[in-house]
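Asks: got a structure for you, letters missing:
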């Protein structure tokens, strides 16, 4: 490895990565603020926010994955200097996003009358949960359109707006929570449901702020969204969906895996579930580091591919993985050394702290395979090879990871049942399989490029032959 090249590529990657990372952490912080402020009202309000979020987040993350395809498309077109097509693809993605946002509103109002009688939660908790969803769902169209503008900007290699707008969102979130949760400035006190209204306002403020930024930004004028207008074109939308749906489903598989494990662990008791959630929450924060590198790598690789510079794309692939592993060494070390203190931030119960600390030891192991798999997936998005990510994550997470977790966690087939430890070993195995298969697929793509097996589709976007 050439150290000079490594530092050059790492500097370029980190310049794109740090605004994305800060934005991701701020979004997590907004969720933390919601939980804390709702919890100060009552445990019921806190539980309502938590349950509602467990429904809302998978939905909005799936849509986010769908729209994420735009960054890969835009980066390739930008590399090819096809800025008119960047504008057109952004508009087509915006139509998809608007449809998804409106669909969430329609689904809520169609399904709520059917689901409400079936909910077995205590009356006040169920009512607060549905009220929360009733408020937040109205912010969905704005948030989906914000994601379009975010991926448009990031695809053009401008990630700072993402960071700036997330700060705007946080500045709106805290006072809005205060007003609507506790009933200030003449507003009714909505309790935990007020978090939903506050979040809807955050979504609207982020979209409007991003729209204003795009209108006045000089750096985005090369692909000026306000210089043209495009109505929906089904052929274009179909192409975007063919890239975005696999990304969306891959995210859904990952999110749902961790959610289903939490449900399976319910019979083991509240302390086990709490320990699992503590370890999961902290490792989720750590995961923001390789995820942000992966998103930056998608942009770099996509730009290089669009510019026909396949050597540069390969270089960014290699150095992004190395950079990710170097940072994983630091995050794993922090996890191992300070695991007890970190668990103590979340809970004061000794059994919860001890079990969470033990699970964090296992988490420090899978940070390495997690880094490789998420960055490899980011590179494959840059090559616009997203279907392979879908198949590999389905097999690795659900086929291998969950199976191993179930066998070790709740059966005595090979060893006495290990409870939560078995499932976390399953996470390690599943993520390791994903890392191996995604790296293998990446090698196949790069070998095809070397052999000249690379084609152009009708829109002149670079895509790998399947």
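Replies: That came through, no problem. Note that the structure is a prediction, hence the values are computed from the model and not measured.

Asks: make it CA atoms for all contacts and neighbour counts henceforth
Replies: Fine.

Asks: In a strand, residue 63, correct?
Replies: No - looking at residue 63 with DSSP: H, G, I helix; E, B strand; the rest coil, it is helix, so not inside a strand.

Asks: and the closest residue to it other than its chain neighbours, what does it touch?
Replies: Spatial nearest neighbour of residue 63, excluding adjacent residues (Cα to Cα, 6 or more residues apart in numbering): residue 248 at 6.4 Å. Residue 248 makes contact with 61-66, according to Cα atoms under 8 Å, 6 or more residues apart in numbering.

Asks: Distance from the chain centre to the helix or strand residue 380 falls within, please.
Replies: According to DSSP states H and E, residue 380 maps onto helix 350-382. How far helix 350-382 lies from its chain's middle: 15 Å, per Cα atoms, centre = their mean, to the nearest Å.

Asks: and what of stretch 127-139?
Replies: 22 Å.

Asks: Run through who's touching that stretch.
Replies: 45, 48-49, 51-52, 56, 104-105, 108, 112, 192-201, 203-204.

Asks: Report the buried members of the residues you listed.
Replies: 45, 48-49, 51-52, 56, 104-105, 192-201, 203-204 (16 or more other Cα atoms under 10 Å).

Asks: Sort out for me which of the residues you listed are in helices.
Replies: 45, 48-49, 51-52, 56, 104-105, 193-201, 203-204 (DSSP state H).

Asks: how about the contacts of residue 248 in CSV, adding distance to residue 180?
Replies: Supplementary listing: the contacts of residue 248 in CSV, determined by distance: Cα to Cα, whole Å:
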residue, distance to residue 180
61, 25
62, 28
63, 27
64, 27
65, 30
66, 32
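
Asks: helices or strands up against the helix holding residue 380?
Replies: Applying 3 or more Cα pairs under 8 Å, 6 or more residues apart in numbering; DSSP states H and E, we find helix 350-382 packed against helix 69-79, helix 270-306, helix 310-337, helix 339-346, helix 420-450.

Asks: Relative to residue 181, which of those is closest?
Replies: With Cα to Cα, the closest approach to residue 181 among these belongs to helix 339-346: 23.0 Å.

Asks: list the buried ones in that closest one?
Replies: Of all the residues in helix 339-346, those buried under the rule 16+ other Cα under 10 Å are 339-340, 342-344, 346.

Asks: likewise stretch 386-396?
Replies: Quick answer for stretch 386-396 (16+ other Cα under 10 Å): 386-390, 392-396.

Asks: now stretch 234-249
Replies: Those would be 237, 240-241, 243-249, for stretch 234-249 by 16+ other Cα under 10 Å.

Asks: Please confirm that the residue nearest to residue 63 is located within a helix.
Replies: Yes - looking at residue 248 with three-state DSSP, it is inside a helix.

Asks: Tell me which of the buried residues of stretch 386-396 fall in helices.
Replies: Going by DSSP H, the helices hold 387-390, 392-393 from these.

Asks: which of the contacts of residue 248 count as buried?
Replies: 61-66.

Asks: The residues you listed: which two are farthest apart?
Replies: 61 and 66 (8.6 Å).

Asks: Mark out where each domain of this protein begins and ends.
Replies: 1-232, 243-454 (automatic domain parsing).

Asks: Take those and write them to TSV, including mean pLDDT.
Replies: Shown next, in TSV, are these (pLDDT from 0 to 100):
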stretch	mean pLDDT
domain 1-232	87
domain 243-454	88
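
Asks: Residue 357 versus the residue nearest to the spatial centre of the chain, what's the distance?
Replies: Ranked by distance to the mean C-alpha position of the chain (Cα atoms, centre = their mean), the top residue is residue 61 at 6.0 Å. Between residue 61 and residue 357 the computed distance is 28 Å (Cα to Cα, to the nearest Å).

Asks: same deal with residue 206?
Replies: Residue 206 is 37 Å from residue 357, by Cα to Cα.

Asks: What is the burial count for residue 212?
Replies: The burial count assigned to residue 212 is 11, neighbours taken as other Cα atoms under 10 Å.

Asks: now it: how far from residue 27?
Replies: In this view, residue 212 and residue 27 are 20 Å apart by Cα to Cα.

Asks: what kind of secondary structure is the most far-flung residue of the chain relative to its centre in?
Replies: Of all residues in the chain, residue 186 has its C-alpha farthest from the mean position, at 36.5 Å, by Cα atoms, centre = their mean. The local conformation at residue 186, judged by three-state DSSP, is coil.

Asks: Over to it: give its phi and psi.
Replies: phi 80, psi 0 (degrees, to the nearest 10).

Asks: Ok, residue 417 next?
Replies: Dihedral angles phi and psi of residue 417 (degrees, to the nearest 10) take the values phi -50, psi 140.

Asks: residue contacts, it?
Replies: With Cα under 8 Å, 6+ apart, residue 417 has these contacts: 407-411.

Asks: mind running it again at 10 Å?
Replies: 406-411 (Cα atoms under 10 Å, 6 or more residues apart in numbering).

Asks: again with residue 199
Replies: Taking Cα under 10 Å, 6+ apart as the test, what residue 199 contacts is 30-31, 34, 132, 135-140, 143, 169-170, 172-174, 176-177, 205.

Asks: Filter those down to just the ones in helices.
Replies: 30-31, 34, 132, 135-136, 140, 143, 169-170, 172-174, 176-177, 205.

Asks: List just the nearest of the residues you listed to residue 71.
Replies: For these, the residue nearest residue 71 by Cα to Cα is residue 143; the value is 16.4 Å.

Asks: The spatially closest residue to that closest one that is not a sequence neighbour and residue 433, how far apart?
Replies: Closest residue in space to residue 143, ignoring its immediate chain neighbours: residue 203 at 4.9 Å, by Cα to Cα, 6+ apart. Residue 203 sits at a distance of 37 Å from residue 433 (criterion: Cα to Cα).

Asks: now residue 394: how far from residue 253?
Replies: Taking Cα to Cα, one finds residue 394 at 7 Å from residue 253.

Asks: List just the nearest of the buried ones among the contacts of residue 248 to residue 325.
Replies: Nearest to residue 325 out of the buried ones among the contacts of residue 248 is residue 65 (Cα to Cα; 24.1 Å).

Asks: so the closest one touches residue 254, yeah?
Replies: No - contact criterion Cα atoms under 10 Å: residue 65 and residue 254 do not qualify, at 11.7 Å.
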